[in-house]
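**Student:** Could you look at this predicted model? Sequence included:
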Amino acid sequence: RAVARVARTVVVETPPLPRKLFRVFVELEGMYRNMVEQLTLYAVREGVSSFTKLKALKYRELRGLYQHLPSHYAYTACQDASARVRGFLRLKRLGLAKKEYPEIRKVSIWLDDHLWKPGGLTSIKIATHEGWVTVEFNSHRQYWRYINRGWRLASEARVKLDKRNRQLIINLMFVKEVGMYEPKGHLSVDVNENNVTILVDGTAYLLKTDIEKLVLGYYYRRKRIQEKYDKLYDVRSGAKRKVMRRLKERKKKNDIRWKTANIIVRAAYERQYAIVLEKLDRRPANNMIKRIRDEQLRHRIYQASFRGIQKAIDEVARKYGVPVVYVNPKNTSKTCPIHNAPINYGNGSRIGRCSRGGELWHRDVVACWNLLFKTRLGDGSNAPSLGASPLDGSPVPLGSTAAGEPTVIARDLWARWKSLEATLNNPKKHGTTL
């Protein structure tokens, strides 16, 4: 039985610290920042992105410069710098880096098991240049949920300073070993701009996400803000940045993403099914916009975040021990799953007709069926073959057992419930439409 290591980060804050104690952490952050800046500049200049190599080259030098600091701060600073350098060099190779060297703006102090340890359920001890310091933090419901459900603290932690309120913001990592069960079936998922379609026991459910409306709404709002503040002040106006930060597009997208992931994973977990997802490229939007010239449409495709929803599903699935299978999505929405013939779509419609049998198929539903069949037949996955297609091949539109029509569930319905069954039992109506 496969076992997955699941990690979750919980953020806790300390009460306002005494000035003398907080000054210790300000000094510690200053020295740590200096180490990270020196290491980052050196690593970029020499092209070193490996943590092991960077530590071998610079560890002794850092220990000589910062003798009063615990030695493992040089170790964690190398980890921090190598992570920054890898990201910067990758952007540089893609031509997306605007500067020769990365700019170190925000710093969190990385701690390993030599630099911190629990001091109790609501306190930790941190090694500093002034010795070990104990700080209490404010617990909350999420923290106690992980404590009481068998999660254990990992050896890594990070500390960030809130200088305005003289507080420490502590990132604690909880880990848990979760066993993956042997799947009894499969639940296929097709991710689109405005919906996520799932196929559960032969029935397709289309969960509307309405990402297009969200993206366009914030697109026009940002455009109005830019026109107003660029005219009144300047392109780099601080007032404009302040207003921009109040927009909640990212927060709303994340809310949709995680609620979608939870409802899909719970449906699979209750049935002991595996989840089938499309195996997308690292940057799927790049391939989609190659022939698109419309600036607004290109923006929508980039903001749809297909891989973001898949990552959320994968992360929640590991928490529940639900297996996830990735298959090749090539032609899944263009081929009839009954006759293996092309489906003809007209005038941008999402409804197409099989060129051989004449069945009507919804584009998202046929994608789910083909993903399921690729998994069952062992095409593009490591899942065992479960036999042939359960669909009827009669050459008539919507054959007697073919499911070409999804059950459409509006976002304001499914986003309020924690399971698919609870959503379907909601007394409010949900529509089925082609």
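**Tutor:** Arrived safely.

**Student:** which helices and strands does the longest helix seen in the chain pack with?
**Tutor:** The helix of greatest length in the chain, counted in residues with DSSP state H as the criterion, is given as helix 19-46. Applying 3 or more CB pairs under 8 Å, 6 or more residues apart in numbering; DSSP states H and E, one finds that helix 19-46 makes contact with helix 51-65, helix 72-93, strand 109-111, strand 123-128, strand 131-136, strand 152-162. Using the backbone N, CA and C atoms, a C-beta is placed for each residue, glycine as well.

**Student:** can you list the ones you listed in JSON lines and add mean neighbour count and mean pLDDT?
**Tutor:** Listed next are the helices and strands packed on helix 19-46 as JSON lines, based on neighbours: other CB atoms under 10 Å; pLDDT from 0 to 100:
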{"stretch": "helix 51-65", "mean neighbour count": "15", "mean pLDDT": "93"}
{"stretch": "helix 72-93", "mean neighbour count": "19", "mean pLDDT": "93"}
{"stretch": "strand 109-111", "mean neighbour count": "24", "mean pLDDT": "96"}
{"stretch": "strand 123-128", "mean neighbour count": "19", "mean pLDDT": "95"}
{"stretch": "strand 131-136", "mean neighbour count": "14", "mean pLDDT": "95"}
{"stretch": "strand 152-162", "mean neighbour count": "17", "mean pLDDT": "94"}
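
**Student:** what's the closest of the ones you listed to residue 20?
**Tutor:** Within those, the stretch nearest residue 20 is strand 131-136; the backing value is 11.0 Å (CB to CB).

**Student:** And the next helix or strand after the closest one, how far out from the chain middle?
**Tutor:** Secondary structure here is assigned by DSSP states H and E; on that basis, the next helix or strand after strand 131-136 toward the C-terminus is helix 141-148. Averaged C-alpha coordinates place helix 141-148 at 22 Å from its chain's average position (CA atoms, centre = their mean, to the nearest Å).

**Student:** Any idea which helix or strand in the protein has the lowest mean pLDDT?
**Tutor:** One helix or strand of the chain scores below all others by mean pLDDT, DSSP states H and E: helix 284-288, with a mean of 68.

**Student:** can you give me the helices for the stretch 251-400 of the chain?
**Tutor:** Using DSSP state H, counting those that start in this stretch, the helices assigned to the stretch 251-400 of the chain run over residues 284-288, 295-303, 306-320, 363-376.

**Student:** Run through the neighbouring helices and strands of the second one.
**Tutor:** Under the contact criterion of 3+ CB pairs under 8 Å, 6+ apart, helix 295-303 touches helix 211-232, helix 284-288.

**Student:** Can you lay out these as JSON lines showing distance to residue 154 and mean neighbour count?
**Tutor:** Formatted as JSON lines, the helices and strands packed on helix 295-303 follow (distance: least, CB to CB, whole Å; neighbours: other CB atoms under 10 Å):
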{"stretch": "helix 211-232", "distance to residue 154": "34", "mean neighbour count": "14"}
{"stretch": "helix 284-288", "distance to residue 154": "32", "mean neighbour count": "14"}
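
**Student:** Mean pLDDT lowest where, among the ones you listed?
**Tutor:** Ranked by mean pLDDT, the helices and strands packed on helix 295-303 bottom out at helix 284-288, which scores a mean of 68.
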